[in-house]
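# coords below, sequence missing:
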């Protein structure tokens, strides 16, 4: 990938071992997206995808880590989120990426939903060796100032 | 947050303020509180108010689904309101659908719906034959 690590914003890792941590990770993702000038819709998409993935870690692996990195590629600014755990892994990744498939009694939207909300989404998992998800979202247009969000949609 | 403070009664409507960050252990407690409040107040409609929620993942979807099924078994009905525009966009993008759950725009509409349900209910009760009739014919 051509993007470079954004200067001035070091990567941040959040350890996730319960639901409160998952929420914390999602809120951190939103704050970072806001700081990089993402629109409110993009901030919401990012934080929702992070919450899905982080809750998955808690539910299936018990604990793991979510790392956030701001990236730049020329004019483009984006966020890379890496979520990894040492849990049981996923036996069939393609199946887990299908809508409605769940082994945990959920709606089966977690992985496919997060993939739809982000611009890129990769998952590597082997049974017994944990799971790593790498997902990325670019800011779509000119940076949006945080305080301008309330007037969104007006001419 | 103190979940005992998250429900309020308004006529036959039970208002539930869904917490901004819903955690695994809170869901069970909140659902129990809703069921107890329905019994206490005789509520016919439960309004889940999402106006505090700014990140709505599939965990919330599961909460809405399970709550509506439980409430149904008590003879009441769940409706939702207060979803922010950006949350709605994200929910649909995520692929979340909520069959069997009606949404209303605001509290006015929720009240209008619960009043119309209440009228239907009273009408049904009025048209049923009085208990004494059958005994008199014997």
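The structure has been received and is ready for your questions. Values in this document were obtained by computation on a predicted structure and should not be read as measured data.

# which residue ranges of chain B form strands?
B:7-10, B:13-17, B:45-49, B:77-81, B:102-103 (DSSP state E).

# with chain A instead?
Here chain A has its strands, by DSSP E, at A:4-5, A:12-16, A:64-73, A:76-85, A:120-125, A:131-138.

# format those strands as TSV; extra columns: mean pLDDT, mean neighbour count and distance to chain B.
In short, each C-beta sits where N, CA and C put it, glycine included. Below are the strands of chain A laid out as TSV (pLDDT from 0 to 100; neighbours: other Cβ atoms under 10 Å in any protein chain shown; distance: least, Cβ to the nearest Cβ, whole Å):
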stretch	mean pLDDT	mean neighbour count	distance to chain B
strand A:4-5	67	12	26
strand A:12-16	97	17	13
strand A:64-73	95	19	14
strand A:76-85	96	21	14
strand A:120-125	95	16	13
strand A:131-138	96	21	12
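
# a markdown table for these, including distance to residue B:6?
Below are the strands of chain A laid out as a markdown table (distance: least, Cβ to Cβ, whole Å):
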| stretch | distance to residue B:6 |
| --- | --- |
| strand A:4-5 | 43 |
| strand A:12-16 | 26 |
| strand A:64-73 | 29 |
| strand A:76-85 | 31 |
| strand A:120-125 | 35 |
| strand A:131-138 | 33 |
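
# of these, which approaches residue B:97 most closely?
strand A:120-125 (21.1 Å; Cβ to Cβ).

# sorry, back to before: columns distance to residue B:34 and mean pLDDT on top of the strands of chain B, output as CSV?
Converted to CSV, the strands of chain B look like this (distance: least, Cβ to Cβ, whole Å; pLDDT from 0 to 100):
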stretch, distance to residue B:34, mean pLDDT
strand B:7-10, 6, 94
strand B:13-17, 6, 96
strand B:45-49, 6, 96
strand B:77-81, 9, 95
strand B:102-103, 17, 93
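
# please work out which of the ones you listed is packed deepest.
strand B:45-49 (a mean of 25; mean count of other Cβ atoms under 10 Å in any protein chain shown).

# other SSEs contacting that one?
Identification of packing neighbours for strand B:45-49 by 3 or more Cβ pairs under 8 Å, 6 or more residues apart in numbering or on different chains; DSSP states H and E yields strand B:13-17, helix B:58-72, strand B:77-81, helix B:107-127.

# and the angle for the longest one with strand B:45-49?
To tie it back to what came earlier, the one meant is helix B:107-127. If you take axes from the mean of the first three to the mean of the last three Cα atoms, to 10 degrees, helix B:107-127 sits at 170 degrees to strand B:45-49.

# from the chain's centroid, how far away is helix B:107-127?
Here helix B:107-127 is found 14 Å from its chain centre; the criterion is Cα atoms, centre = their mean, to the nearest Å.

# likewise for the third one?
In terms of Cα atoms, centre = their mean, the centre of strand B:77-81 is found 4 Å from the chain centre.

# same check, this time on stretch B:53-61
Between the mean C-alpha location of stretch B:53-61 and the chain-wide mean there is a distance of 17 Å, by Cα atoms, centre = their mean.

# stretch A:95-102 too?
18 Å.

# now do that stretch, average pLDDT.
In this model, stretch A:95-102 has an average pLDDT of 85.
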